[in-house]
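Undergrad: Output the structure for:
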Amino acid sequence: MSAAARYPSNAAVIDELITDATVEALNAALAGHGISADRIVAVHYLDGVYLANGAKPRYRVLYRA
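TA: Residues are numbered from 1 along each chain as shown. Here you go, the predicted structure:
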């Protein structure tokens, strides 16, 4: 079901994508999900916490669905 079908109003629907914090991984994820540059709202860098839980740095991408 598309986002437009789930939300019948004309409000913009924002979705998110989280990927590894490398340019190559970010570009591959955007291409794999068919997200073009004009749909991207924000890209946030998420620090990794190696000592606590071993989480690697990541990018969180907010985009128009």
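
Undergrad: which parts of the helix ranked longest in the chain are buried?
TA: Criterion DSSP state H: the longest helix present in the chain is helix 23-32. Of all the residues in helix 23-32, those buried under the rule 16 or more other C-beta atoms under 10 Å are 26, 29-30. In short, each C-beta sits where N, CA and C put it, glycine included.

Undergrad: Downstream of it, the next helix or strand is which one?
TA: Later in the chain than helix 23-32, the nearest helix or strand by DSSP states H and E is strand 40-46.

Undergrad: pLDDT averaged over the helix or strand just after that following strand - what is it?
TA: Downstream of strand 40-46, the first helix or strand assigned by DSSP H and E is strand 58-64. The average pLDDT for strand 58-64 rounds to 96.

Undergrad: tell me how far strand 58-64 is from the chain's mean position?
TA: Once both centres are worked out by C-alpha atoms, centre = their mean, to the nearest Å, strand 58-64 turns out to sit 3 Å from its chain's centre.

Undergrad: Just checking: what are the partner strands of it?
TA: Next to strand 58-64 in the sheet, as set by DSSP bridges, lie strand 14-20 (antiparallel), strand 40-46 (antiparallel).

Undergrad: Buried deepest among those, which one?
TA: Of those, the one with the most neighbours on average (mean count of other C-beta atoms under 10 Å) is strand 14-20, at a mean of 15.
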